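Participant: 3D, please:
(one chain, ligands or ions: 1)
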Amino acid sequence: MINENFLKLPGAYLFAEIAQRVKAFKADTPDANVISLGIGDVTQPLAPAVVEALHKATDEMASGATFRGYGPERGYDFLREAIVENAFQARGINIEPNEIFVSDGAKSDTGNFQELLSKDIRIAVTDPVYPVYVDSNVMGGRAGELGANGQWSNIVYLPCTAENGFVPDLPTEHVDVIYLCYPNNPTGTTLTRQQLKRWVDYAIEHDALIFYDAAYEAYIQNDDIPHSIYEIPGANLCAIEFHSYSKTAGFTGIRCGYTVVPKSLCVNLNHVWNRRQSTKFNGTSYLSQRAAEATYTSEGKKQIKATINYYMENARLMHEALTGMGFKVYGGTDAPYLWVRVPEGMTSWGFFDEMLHKAQVVCTPGVGFGPAGEGYVRLTAFGQHEATEQALERIKHLG
Ligand code: PLP
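Facilitator: Below is the predicted model:
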């Protein structure tokens, strides 16, 4: 018998459905030159400093004297110390190496962390939302039933719309865990320090935890936007923070991230997460961890910044061109995502199909991220410049 919670999940993961439609289109139109502004994968190669670290680590693995097998369960000290120094101490944040858990990426950790909590807790998510938070709670048996409105009966949805400036309102009923992701996937919008402080204050007052996904913090350009929730006083009492090198440094194929579980949290999750990880996870590779360490060297930092600037130049071009065409465009200034209102009277999937068939451009239908995403599509700035420009030119002639 299959775990019935898994059977509750609707058919396909969003990107599988998109891939299916693109495949069918290509089969019907073999000459099509499809450009994807859809899935959030990166296109630029690794920074030379990272490649050098990978070569060096590979050579170490090739010699009996320097070979490494299983690593320490929380990750190697060299990486956890580099993280603490560069991502936290440099911002005046007091986080200790033993509060850092190195992982194979933020998807695993954001998906798995819910396992530590009782089946009876109530979670809140923003709507639209990165689907992993919702689906992993469905698997964990705490989401209830899926309604015709696209919402799960036991999940509290916090709509983020143009009307509230994509800043969610505090919940009006008790919740135990709130998932926040800023800069946001999919809307590309952010919270200022003041706006995030309201959430930290709320969590402390209501005995709630915040699961804060900072996968896109490297894209922040504006100084008023926090890179870490721990910039907000009191967050070490109520927040777990997830990081990823995927979009920061092009590690989608290398695999490395980390999660911060403060020892000062109101419940001792640091110990429980350590117990869970040492049972179910045997670490990310030595090579990946050396590669991640190299992102903190002075050369590595410069090279990574140059790639982020490359993507943000795409975002700027897209924002300017789409606004010029009369679209309402949100995000894209401190994040690699643009959230675009579809023309009046169209649905997200309707516009997706039109873009695919008439412009041969792939976008992501906003409704795939939650009911409040209906009427929007997400575009990503992770393409090559030339392809991005070509896609914009085609959208211009959509008619
Ligand atoms: N969190 C968010 C919000 C994401 O958009 C993504 C990837 O798209 C991830 C986490 C997953 O990152 P990783 O590649 O580290 O698993």
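
Participant: Give me the nearest residue to Asn86, chain neighbours excluded.
Facilitator: Excluding the flanking residues, the one nearest Asn86 by Cβ to Cβ, 6 or more residues apart in numbering is Tyr296, at 4.5 Å. The way it works is simple: take the backbone N, C-alpha and C, and place the C-beta from them, glycine included.

Participant: From Ala249, how far off is that neighbour?
Facilitator: 10 Å (Cβ to Cβ, to the nearest Å).

Participant: what ranges do the helices span in the stretch 151-300 of the chain?
Facilitator: Along the stretch 151-300 of the chain, counting by DSSP state H, counting those that start in this stretch, helices occupy 193-205, 235-238, 246-249, 269-280, 286-294, 298-324.

Participant: closest to Thr347 out of those helices?
Facilitator: Taking Cβ to Cβ, helix 298-324 is the member of those nearest to Thr347, at 18.6 Å.

Participant: Listing partners with orientation, what would you give for the helix or strand following the closest one?
Facilitator: Using DSSP states H and E, the next helix or strand after helix 298-324 towards the C-terminus is strand 329-331. Strands that pair with strand 329-331, judged by DSSP bridges, come out as strand 337-341 (antiparallel).

Participant: Do the partner strand and the ligand come into contact?
Facilitator: No. Judged by Cβ under 6 Å from any ligand atom, strand 337-341 and the ligand are separated, with a smallest distance of 8.6 Å.

Participant: Helix or strand next in line after that strand, which one?
Facilitator: helix 348-354.

Participant: Name the residues that touch that next one?
Facilitator: Identification of contacts with helix 348-354 by Cβ atoms under 8 Å, 6 or more residues apart in numbering yields 18, 21, 342-343, 346, 362-368, 373-377, 398.

Participant: what is the rounded mean pLDDT of it?
Facilitator: Average pLDDT, helix 348-354: 96.

Participant: show me where the stretch 101-250 of the chain has strands.
Facilitator: Here the stretch 101-250 of the chain has its strands, by DSSP state E, counting those that start in this stretch, at 123-127, 156-159, 177-181, 209-213, 239-244.

Participant: How about Ile123: what's its closest non-neighbour residue?
Facilitator: In space, and not counting its chain neighbours, Ile123 is closest to Val177: 4.6 Å by Cβ to Cβ, 6+ apart.

Participant: Likewise for Glu85?
Facilitator: For Glu85, ignoring the flanking residues on the chain, the nearest one in space by Cβ to Cβ, 6+ apart is Tyr296 at 7.6 Å.

Participant: For Pro262, list the residues it contacts.
Facilitator: Contacts of Pro262 (Cβ under 8 Å, 6+ apart): Ile95, Glu99, Tyr230, Asn236, Leu237, Ala239, Ile240, Asn270.

Participant: Out of the residues you listed, which end up buried?
Facilitator: Ile95, Glu99, Tyr230, Asn236, Ala239, Ile240, Asn270 (16 or more other Cβ atoms under 10 Å).

Participant: Remind me what the worst-scoring helix or strand of the chain on mean pLDDT packs against, helices and strands.
Facilitator: None of the helices or strands of the chain scores lower by mean pLDDT, DSSP states H and E than helix 14-28, at a mean of 90. Secondary-structure packing of helix 14-28 (3 or more Cβ pairs under 8 Å, 6 or more residues apart in numbering; DSSP states H and E): helix 348-354, strand 364-365.

Participant: And those: which comes nearest the ligand?
Facilitator: strand 364-365 (11.0 Å; Cβ to the nearest ligand atom).

Participant: do you know how far the closest residue to Glu389 other than its chain neighbours is from the ligand?
Facilitator: Setting aside the residues directly before and after it, Glu389 is nearest to Leu317 in space (Cβ to Cβ, 6+ apart), at 6.8 Å. Separation of Leu317 from the ligand (Cβ to the nearest ligand atom, to the nearest Å): 22 Å.

Participant: ok now do Leu317, which residues does it touch?
Facilitator: Each residue near Leu317 by Cβ under 8 Å, 6+ apart is listed here: His385, Thr388, Glu389, Leu392.

Participant: how close does it sit to Asp31?
Facilitator: Leu317 sits 27 Å away from Asp31, going by Cβ to Cβ.

Participant: OK, now which residue of the stretch 1-150 of the chain is nearest to the ligand?
Facilitator: For the stretch 1-150 of the chain, Cβ to the nearest ligand atom, closest residue to the ligand: Gly105, 2.8 Å.

Participant: how close does that residue sit to Tyr245?
Facilitator: 8 Å.

Participant: quick one: common contacting residues for those two?
Facilitator: Phe251, Cys256, Gly257.

Participant: Cross-check these against the ligand and keep the overlap.
Facilitator: Among the shared contacts of Gly105 and Tyr245, proximity to the ligand is found for Gly257 (Cβ under 6 Å from any ligand atom).

Participant: Kindly indicate the member of the shared contacts of Gly105 and Tyr245 with the most neighbours.
Facilitator: Cys256 (28 neighbours; other Cβ atoms under 10 Å).

Participant: The residue nearest to Gln114 when sequence neighbours are not counted: what's it in contact with?
Facilitator: Leaving out its chain neighbours, the residue that sits closest to Gln114 by Cβ to Cβ, 6+ apart is Gly140, at 5.0 Å. Gly140 sits next to Asn5, Gln114, Glu115, Lys119 when contact means Cβ under 8 Å, 6+ apart.

Participant: And for the second one, the neighbour number?
Facilitator: It refers to Gln114. Residue neighbour count, defined by other Cβ under 10 Å, stands at 20 for Gln114.

Participant: so it touches Asn137, yeah?
Facilitator: Yes. Using Cβ atoms under 8 Å as the test, Gln114 is close enough to Asn137 to be in contact (5.4 Å).

Participant: Please identify every residue contacting each of these two.
Facilitator: Ile123.

Participant: His243 versus Phe101, what's the distance?
Facilitator: From Phe101 to His243 the distance is 10 Å (Cβ to Cβ).

Participant: Please identify which of the two sits among more neighbours.
Facilitator: The neighbour comparison of Phe101 against His243 (other Cβ under 10 Å) goes to His243, with 27 against 23.
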